[in-house]
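In: I need the structure of the sequence given here:
(chains A and B)
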Amino acid sequence: MTCTDVEQLLGAFVDTELPPPQLLDVARHAATCMACDGAIRELTELRGAVAALLEREVRQLDLSRIWPAVDAAIDQAPPLTGAVHSSAPAATRMWAALLAVAATALLWFQGPTTHHQPGKTPMTIASARPTRTSNQSAIDRIAGRGITMRREPKSGTMIIWVSSNGGEGAR
Amino acid sequence: MGPSDGELVQRAREGDRDAFRELVERYQRKIATLALGMLRNRDDALDVTQETFAKAYQSLDRFKGDASFYTWAYRIAVNLCIDHRRREAKLPHAALDSRDSERSEDPLSLLPDGPGGADHGDPYQSTRDAEIARALAEAIAELTPEHRAVILLREVEGLSYEEISRVLECPKGTVMSRLHYARRQLQERLRGIR
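Out: Residues are numbered from 1 along each chain as shown, chains lettered A, B, ... in the order given. I've put the predicted structure just below:
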């Protein structure tokens, strides 16, 4: 290894960022070359000088005022909704929002699902949907076999009378 | 042994302000050192340090666990310092001049242990040390923010090339070339007085 080779690697050598074989090569060369050894010492001293300069100055800073200021800034900022309550990535949140819009649009195009009248409790989307659910089909199959059903108009509650003798049901 | 940074970040995300306070106290000196090196003004350095942590708290949901908290905080701090310097550069000259007068340029403060600090018993040596420190401070101030950041992160904070590349969001090769250039600039300045 020549001085020119070593010169290119000096910084990484001082920073111990070289792979072990190259680190050894540079060390072997520096052990026999005063110029390269001097350059390594100079770089090491520079690091010490820069660090010492800043450390001295930082000792003169009043760091005790940092947390109160940060605390106050946090209080003044809007609440951390995203940070505290959701760790979902932005892409996921975007897709969730798009799906919500699509679902709303779908329900809209299905036609009116509620018929709210003053004084009346609105029907839920599920109970007003024209398509028959599997539960409704099951109820139809057993209706008329001693079972009578009626939906309360105000609350929308389905009341089922079941007769033990197969006649008109009892509540 | 206290909780890890990751545990504190998680607790802070859940609204535990004390956990975040512990993170601040753990890293405030490092961030302040970086900010002081970047801005060369004590009040500005403290302001940027505070802003860094306030911003970090507000962005905790964007913090990814694959990076360490302090490299992430360094990134915020470096960006704030660069923004601060850009804003300062747009100020009228008169304002800049008045700000320069606030800078830490007292030769006594550059002595090894600060004003009234350790006496080497050798006035010549003390004066020379102060001269070297002043030249170094001036040379650092003359570097571009990008070169200054890389040399501070390496020489003062002791980050690896890989960590610096993550903080500055640039390739490792760029880190190496900036570091090489910055060191050369500082060495040349110091050679003049050695």
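In: Do you know the pLDDT at residue B:68?
Out: In this model, residue B:68 is scored at 89, pLDDT.
In: meant to ask about residue B:2, not that
Out: On the pLDDT scale, residue B:2 gets 85.
In: SS state for it?
Out: State at residue B:2, reduced to three classes by DSSP: H, G, I helix; E, B strand; the rest coil: coil.
In: For burial, what's the neighbour tally of it?
Out: Residue B:2 is flanked by 8 other residues according to other C-beta atoms under 10 Å in any protein chain shown. Heads up, the C-betas are built off the backbone N, CA and C, glycines and all.
In: Just want to check the distance between it and chain A.
Out: 16 Å (C-beta to the nearest C-beta, to the nearest Å).
In: Spit out the contact partners of that residue.
Out: Contacts for residue B:2 (C-beta atoms under 8 Å, 6 or more residues apart in numbering or on different chains) come out as residue B:22.
In: 10 Å instead, please
Out: Residues in contact with residue B:2 (C-beta atoms under 10 Å, 6 or more residues apart in numbering or on different chains) are B:8, B:22, B:26.
In: wouldn't the second one be in contact with residue B:8 here?
Out: It refers to residue B:22. Yes. Contact criterion C-beta atoms under 10 Å: residue B:22 and residue B:8 qualify, at 5.5 Å.
In: which residues do those two both contact?
Out: What both residue B:22 and residue B:8 touch, as defined by C-beta under 10 Å, 6+ apart, is the set B:2, B:16.
In: tell me the contacts of residue B:171?
Out: B:161, B:165, B:177.
In: what's the neighbour count on residue B:129?
Out: Residues near residue B:129, counting by other C-beta under 10 Å: 17.
In: Would you agree it is in contact with residue A:48?
Out: No. Residue B:129 is beyond contact range of residue A:48, at 12.0 Å (criterion: C-beta under 10 Å).
In: and residue A:10, backbone torsions?
Out: Recorded main-chain torsions at residue A:10 are phi -60, psi -50, according to degrees, to the nearest 10.
In: so where's chain A uncertain?
Out: In the predicted model of chain A, residues A:79-101, A:103-171 satisfy pLDDT under 70.
In: And chain B, is the lengthiest helix in chain A touching that?
Out: Ranked by number of residues, the top helix in chain A under DSSP state H is helix A:34-59. Yes. Using C-beta under 10 Å from any C-beta of the partner chain, we find that helix A:34-59 touches chain B at A:39, A:42-43, A:45-59.
In: Low-confidence regions, chain B specifically.
Out: For chain B (pLDDT under 70), the answer is B:91-121, B:194.
In: just checking, what's the longest helix in it?
Out: Per DSSP H, chain B has its longest helix at helix B:17-39.
In: so who does residue B:37 touch?
Out: Residue B:37 neighbours (C-beta under 10 Å, 6+ apart): A:50-51, A:53-54, A:57-58, B:45, B:81, B:137, B:140-141, B:143, B:148-149, B:151-153, B:155-157.
In: still on that earlier bit, keep only the contacts of residue B:2 that also lie close to chain A.
Out: Filtering the contacts of residue B:2 for neighbours of chain A using C-beta under 10 Å from any C-beta leaves residue B:22.
In: If you rank the contacts of residue B:2 by neighbours, which is first?
Out: Most neighbours among those, by other C-beta under 10 Å: residue B:8, with 21 neighbours.
In: What residues does that one make contact with?
Out: Applying C-beta under 10 Å, 6+ apart to residue B:8 gives the contacts B:2, B:16, B:18-24, B:26, B:69.
In: And residue A:5, by the same measure?
Out: Residue A:5 makes contacts with A:22, A:25-26, A:29, A:36, as judged by C-beta under 10 Å, 6+ apart.
In: Of the residues you listed, which is the nearest to chain B?
Out: Distance to chain B across the contacts of residue A:5 (C-beta to the nearest C-beta) is lowest for residue A:22, with 13.8 Å.
In: What is the burial count for the spatially closest residue to the closest one that is not a sequence neighbour?
Out: Distances taken as C-beta to C-beta, 6 or more residues apart in numbering or on different chains place residue A:9 nearest to residue A:22, at 6.5 Å, with adjacent residues excluded. When counting by other C-beta under 10 Å, one arrives at 18 neighbours for residue A:9.
In: List the contacts of the residue positioned nearest the centre of chain B.
Out: Chain B has residue B:34 as the residue nearest its centroid, 1.1 Å off, counting by C-alpha atoms, centre = their mean. Listed by C-beta under 10 Å, 6+ apart, the contact partners of residue B:34 are A:54, A:58, B:45, B:48-49, B:52, B:73-74, B:77-78, B:81, B:148-149, B:152-153, B:156-157, B:167.
In: Just the ones in helices from those residues, please.
Out: A:54, A:58, B:45, B:48-49, B:52, B:73-74, B:77-78, B:81, B:148-149, B:167.
In: How about the backbone phi and psi for the residue nearest to residue A:49 when sequence neighbours are not counted?
Out: Residue nearest to residue A:49 in three dimensions, not counting chain neighbours: residue B:136, with 5.6 Å by C-beta to C-beta, 6+ apart. When read as degrees, to the nearest 10, the backbone of residue B:136 gives phi -70, psi -40.
In: what's the burial count for residue B:75?
Out: For residue B:75, the neighbour count with other C-beta under 10 Å is 17.
In: which residue packs closest to it, ignoring adjacent ones?
Out: Residue nearest to residue B:75 in three dimensions, not counting chain neighbours: residue B:167, with 4.8 Å by C-beta to C-beta, 6+ apart.
In: sorry, back to before: which of the ones in helices among the contacts of residue B:34 sit farthest apart?
Out: Spatially, the most separated pair among the ones in helices among the contacts of residue B:34 is A:58 and B:167, at 18.7 Å (C-beta to C-beta).
In: Compare neighbour counts for the two and give me the winner.
Out: Legend: neighbour count by other C-beta under 10 Å for residue A:58 and residue B:167, higher for residue B:167 (26 against 20).
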